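Trainee: My questions concern the predicted model and sequence given below.
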Number of protein chains: 2
Amino acid sequence: MHLLPYIIFIKCDIRLIGICGIQKEIATSGYLVASYLESINFQQTVYLIGSKGFAEELRNHGIKHTQIGPDTMATDMPTYVNGQIELESEIGAVVIGFDEHLSYPKILKAANYLANPNCLFLASNADETFPMEIPLVVPGTGVMVKAVETASQRTAKVFGKPSVAMFEAISKQCKINPQRTLMIGDRCNTDISFGKNCQLTTLLVLSGVTSLKHLEQYKHDEQHILMPDFYTDVLGDILDLLEQ
Amino acid sequence: MHLLPYIIFIKCDIRLIGICGIQKEIATSGYLVASYLESINFQQTVYLIGSKGFAEELRNHGIKHTQIGPDTMATDMPTYVNGQIELESEIGAVVIGFDEHLSYPKILKAANYLANPNCLFLASNADETFPMEIPLVVPGTGVMVKAVETASQRTAKVFGKPSVAMFEAISKQCKINPQRTLMIGDRCNTDISFGKNCQLTTLLVLSGVTSLKHLEQYKHDEQHILMPDFYTDVLGDILDLLEQ
């Protein structure tokens, strides 16, 4: 098997198979948004709905951003929109990542910046929920994206899987030959469809979100975009294959 | 012209033409949600994302609801989901109206209640924004609905226009003959399409959201659902017609 030189690992616990990447080799969707902005020489300020980690990623790429953290409604909406709202003039992009402090004022501000058609609208990913081991629904970044898309009537450019925007951004950083690249993932509607969208060979590991039962359903429904080229029980199995 | 006995006025300034309705005769979408819950003898508690007015409407119909107002994230998400979140057991419906205190904890709680397939999911309306006289985008209830729909992967039953649910609810309160009813509105994608959906005659007043230019576009695109049977410059014009 010829998997290398590029194996794109995203959200897999790579320690399991003993592969250690330096930070530069691990491409998170936040990293990709930040490097995209850097690549277009973005000089204005980002209005950020996102986490501390995302803010740090932007700063690492020399991108200015607004303050993160709580921004709550201290009054009622009519009072707020009639004088209390403070909009900045230097905003050139609205960027959405996961933000546990999502609030109405944040959505309102984002929508108003996006009323300017020149304002960019980027999002790290559009996952509706986080996969959890406990039986709890934990809303993900997709909720934030949908809220701002609805308010602004615009569509975000999403960098996370299954968008090819992620692949394009990675390709700018390093030369990738799709024919020699294996996309490994545990979720067909993000990981595997991402691989398919980018003409990569795909490997599903069954230790995560998608089960054999799901695969049978996809096959029955002829949902080819969700069907991996290969699957295996656990990620560690590929060690044996690599050694063969 | 035979407009009466029923003219459904919604969001029109009825004082303009000197018609005064008693409260019972003005059907807001909040009122319709509350009376729907009363009509099905709903006995559990509503998890409410909504305003003071909506809460009052529920209480007026004898419907118990959770506390409204701010519910913000005092910590980070992992800490919150691993012990700080308090979910109530008596919730039988998630109800969404406009809420200037929309927050991540509210969306998370709503999604978890909706994980129970027996939990009802109702919304007053799905308007993306409020029409404003000042150049400001003010996100509406539709943003709240989309956020919770995305997190829960369920679809809300929307009572506001253009849903026929509103007409069904009004019909339960009073006998309506669609052939003798005129739907008057200033917005084609809500008011006029509502009228069309309910087989009512429709009148557009041009003093609000939709202009003649919009009408020409709808005609060109053959969007029949958006084309009113009649239109007039201002609502007051119908006084003359009524007198003829």
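Mentor: Done, it's in.
Trainee: Would you map the strands across chain A?
Mentor: A:6-9, A:45-49, A:64-65, A:91-96, A:120-123, A:129-130, A:138-139, A:157-158, A:181-185, A:201-205, A:230-232 (DSSP state E).
Trainee: Any idea which of those strands gets closest to chain B?
Mentor: strand A:138-139 (3.7 Å; C-beta to the nearest C-beta). (Glycine included, C-beta is placed from N, CA and C.)
Trainee: what sits up against that closest one?
Mentor: Residues outside strand A:138-139 that contact it (C-beta atoms under 8 Å, 6 or more residues apart in numbering or on different chains) are A:128-130, A:132, B:77, B:81, B:104, B:107-108, B:111, B:147, B:150-151.
Trainee: which one of those residues has the most neighbours?
Mentor: The most crowded member of these, judged by other C-beta atoms under 10 Å in any protein chain shown, is B:Ala147 (29 neighbours).
Trainee: Which strand residues bridge the closest residue to A:Pro228 other than its chain neighbours?
Mentor: Distances taken as C-beta to C-beta, 6 or more residues apart in numbering or on different chains place A:Leu204 nearest to A:Pro228, at 3.8 Å, with adjacent residues excluded. Assessed by DSSP bridges, A:Leu204 has beta-bridge partners A:Gly185, A:Tyr231.
Trainee: tell me the mean pLDDT over stretch A:80-88?
Mentor: For stretch A:80-88, the mean pLDDT works out to 90.
Trainee: which outside residues touch that stretch?
Mentor: A:45, A:47, A:66, A:73-75, A:105, A:108-109, A:112-113, B:100, B:132, B:134, B:136, B:138.
Trainee: gap between A:Ala74 and B:Pro70?
Mentor: Distance of A:Ala74 to B:Pro70, given as C-beta to C-beta, to the nearest Å: 9 Å.
Trainee: With A:Gly83 instead?
Mentor: In terms of C-beta to C-beta, A:Gly83 sits 20 Å off from B:Pro70.
Trainee: Just want to know which of these two has more residues nearby.
Mentor: Using other C-beta under 10 Å, the more surrounded residue of A:Gly83 and B:Pro70 is B:Pro70, with 14 against 9.
Trainee: Which residue ranges make up the domains of chain A?
Mentor: For chain A, automatic domain parsing gives the domain ranges A:29-158, A:177-243.
Trainee: most tightly surrounded among the ones you listed?
Mentor: Burial of these is given as mean neighbour count (mean count of other C-beta atoms under 10 Å in any protein chain shown); domain A:29-158 ranks first at a mean of 19.
Trainee: ok, now which ones touch A:Cys198?
Mentor: Contacts of A:Cys198 by C-beta under 8 Å, 6+ apart are A:Val164, A:Phe167, A:Pro178, A:Met183.
Trainee: before we move on, the earlier item: ok, which pair from the contacts of strand A:138-139 is furthest apart?
Mentor: A:Met132 and B:Ala147 (18.7 Å; C-beta to C-beta).
Trainee: In helices only, show me the contacts of A:Cys198.
Mentor: Judged by DSSP state H, the contacts of A:Cys198 include A:Val164, A:Phe167 as members of helices.
Trainee: okay if I get the contacts of A:Cys198 as JSON lines plus pLDDT?
Mentor: JSON lines is the format used below for these (pLDDT from 0 to 100):
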{"residue": "A:Val164", "pLDDT": "88"}
{"residue": "A:Phe167", "pLDDT": "85"}
{"residue": "A:Pro178", "pLDDT": "89"}
{"residue": "A:Met183", "pLDDT": "92"}
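Trainee: Out of the contacts of A:Cys198, which is nearest to chain B?
Mentor: Distance to chain B across the contacts of A:Cys198 (C-beta to the nearest C-beta) is lowest for A:Val164, with 22.1 Å.
Trainee: Wait, that closest one touches A:Lys196, no?
Mentor: No: counting by C-beta atoms under 8 Å, A:Val164 sits too far from A:Lys196 to count as a contact (10.3 Å).
Trainee: what touches both of those two?
Mentor: Residues touching both A:Val164 and A:Lys196 (C-beta under 8 Å, 6+ apart): none.
Trainee: Show the contacting residues for the residue nearest to A:Pro228.
Mentor: Going by C-beta under 8 Å, 6+ apart, the list of residues near A:Leu204 reads A:Gly185, A:Asp186, A:Cys188, A:Asp191, A:Ile192, A:Thr210, A:Leu215, A:Pro228, A:Phe230, A:Tyr231, A:Thr232.
Trainee: ok, 10 Å please
Mentor: Neighbouring residues of A:Leu204 by C-beta atoms under 10 Å, 6 or more residues apart in numbering or on different chains: A:183-188, A:191-192, A:195, A:210-212, A:214-215, A:226-232.
Trainee: again with A:Glu128
Mentor: By C-beta under 10 Å, 6+ apart, the contact list for A:Glu128 reads A:137, A:139-143, A:145-146, B:111, B:149-153.
Trainee: Now the two most distant members of the residues you listed.
Mentor: Spanning the widest gap among the contacts of A:Glu128 are A:Val137 and A:Val145, at 17.0 Å by C-beta to C-beta.
Trainee: Could you tell me which ranges of chain A sit under the pLDDT cut-off?
Mentor: A:1-25, A:133 (pLDDT under 70).
Trainee: Please report how far A:Gly62 lies from A:Lys52.
Mentor: Remark: distance between A:Gly62 and A:Lys52 (C-beta to C-beta) = 18 Å.
Trainee: Would you mind confirming that A:Pro178 makes contact with A:Thr202?
Mentor: No: at 11.2 Å, A:Pro178 does not count as touching A:Thr202 under the criterion of C-beta atoms under 10 Å.
Trainee: tell me, what's touching those two both at once?
Mentor: A:Gly195.
Trainee: Out of the contacts of stretch A:80-88, which comes closest to B:Asp221?
Mentor: Out of the contacts of stretch A:80-88, the member with the shortest distance to B:Asp221 (by C-beta to C-beta) is B:Met132, at 26.2 Å.
Trainee: ok, now which ones touch that closest one?
Mentor: A:Val81, B:Val138.
Trainee: ok, now how distant is it from A:Gln173?
Mentor: On the measure of C-beta to C-beta, B:Met132 and A:Gln173 end up 43 Å apart.
Trainee: Repeat that for A:Tyr80.
Mentor: Distance of A:Tyr80 to A:Gln173, computed by C-beta to C-beta: 42 Å.
Trainee: on that earlier part again, got CSV for the contacts of A:Glu128, with distance to B:Glu222 too?
Mentor: Converted to CSV, these look like this (distance: C-beta to C-beta, whole Å):
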residue, distance to B:Glu222
A:Val137, 42
A:Pro139, 39
A:Gly140, 39
A:Thr141, 38
A:Gly142, 34
A:Val143, 36
A:Val145, 32
A:Lys146, 30
B:Ala111, 39
B:Glu149, 30
B:Thr150, 32
B:Ala151, 37
B:Ser152, 36
B:Gln153, 34
